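1. For reference, the sequence and a predicted model appear below.
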Amino acid sequence: MEAQEDAQMSLYTSSPLEINPATIGYFQSAKYRLWLNHRDQWSNLLTRGMITETVSFDMPIPKKNVALGVLINNNSSLKGTMNDLSAMACVGYTGILSKKSHQYLSFGLQAGIKQKSFDPNKLSFNDQYIDGIGYSPDNPSHETFSKSSVLYPDFNAGLLWFVKDRWKRSKPWFGISGYHLTNPDESFTGYQSRLPRKLIAYGGFEYIASRNTSMIPQFLVAQQGNFIQGSIGYLLSFNNFRNKNVSSFELGAFYRTTDAVALSGGFEFLDFKFIFSYEYTISTLNQSKPGTGSIDFTIRYIRDGGDNRSVKFY
């Protein structure tokens, strides 16, 4: 059996701390950065679908090459019947590999708590179905649970190599990360049920095609338990140097293997960036319910961005 344990955004780079803790350390020129993410998945298939909301905040300490931050993520489904909440403290360090070629290496660590809960009164079970009648909420279920909420510590770590130089036409990056490193037990029944570790490898590069245009191909491969998934994407960024308030527009397309295709659009205004994505399901799930998809919306705010805009990979 294969299954996805963790929630994910259509445009994975729109929530960088969720794909690599080391992304906290790259922007040493800014005062702080804030990300807000909202994802509404499969609402036309389920009663309220799956809702993912993320808030992340990070800030560098430039003279120490260190960055600190927090990441809060909440996932709920079926009007809150099931809920998954995590709160992580984040720390990262960025070192210079080569001043001449402007190569950097960042390391990041996240430590915090994770809570999973559910409301058994809002769930239906097989023994509540009666032959010839169907589901009957008055028919008692014999399912037993030792608890309806579990709380446990969680740890994530990652490495990120990148080139950061506004004068280079091509700026590549590559990162690896691991999530749920302690393989925590999250059972509701008393029998051990461990959350599988998630491993991610991803990369890409920004190519400055002209003064106003950048091309950004990228890829990601993730494994969690027996579940393996790949994603490839392409962003096209149009810079506007004549208007200081609106610095760029962005269009993108992403393909997630055997699962979905996503289209995205975004623009920057002052220190804000707004990203909207629509994901169309192409798996067998769409055969039972045509039009099944997801909507993502992201707001990013960077205070005193400086030259952080020269790196486009998140």
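-> Structure received.
2. Quick one: the helices in the stretch 51-200 of the chain, in order.
-> Under the criterion DSSP state H, counting those that start in this stretch, the stretch 51-200 of the chain contains no helices.
3. Tell me where it is predicted with low confidence.
-> 78-80, 125, 127-128, 132-133, 135-138, 140, 142-143 (pLDDT under 70).
4. now with 50?
-> Along the stretch 51-200 of the chain, the model assigns pLDDT under 50 to no residue.
5. and what of the stretch 201-314 of the chain?
-> Using pLDDT under 50, the stretch 201-314 of the chain drops low at 307-311, 313-314.
6. And the strands in it?
-> If DSSP state E, counting those that start in this stretch is used as the criterion, the strands of the stretch 201-314 of the chain fall at 213-224, 227-239, 248-256, 260-269, 272-281, 293-303.
7. Need the contact partners of the shortest one.
-> This means strand 248-256. Contact partners of strand 248-256, identified using CB atoms under 8 Å, 6 or more residues apart in numbering, comprise 10-11, 229-240, 261-268, 275, 277, 309. Backbone N, C-alpha and C define where each C-beta goes, glycine included.
8. Reformat the strands of the stretch 201-314 of the chain as CSV; add mean neighbour count and distance to Arg169.
-> Conversion of the strands of the stretch 201-314 of the chain to CSV gives the following (neighbours: other CB atoms under 10 Å; distance: least, CB to CB, whole Å):
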stretch, mean neighbour count, distance to Arg169
strand 213-224, 18, 9
strand 227-239, 17, 14
strand 248-256, 18, 17
strand 260-269, 18, 21
strand 272-281, 18, 23
strand 293-303, 18, 23
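9. Can you say which of the ones you listed is nearest to Tyr32?
-> strand 293-303 (5.2 Å; CB to CB).
10. could I get the closest one in CSV with only the CA atoms?
-> The C-alpha trace of strand 293-303 is given here as CSV (Å, rounded to 0.1, in the frame of the first residue of the first chain):
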residue,chain,number,x,y,z
GLY,A,293,-8.5,19.8,-8.0
SER,A,294,-6.9,22.1,-5.5
ILE,A,295,-6.4,25.9,-5.0
ASP,A,296,-3.4,27.4,-3.4
PHE,A,297,-2.8,31.1,-2.4
THR,A,298,0.4,32.4,-1.0
ILE,A,299,1.6,35.8,0.4
ARG,A,300,5.2,36.5,1.0
TYR,A,301,6.5,39.6,2.7
ILE,A,302,10.2,40.5,3.0
ARG,A,303,11.3,43.5,4.9
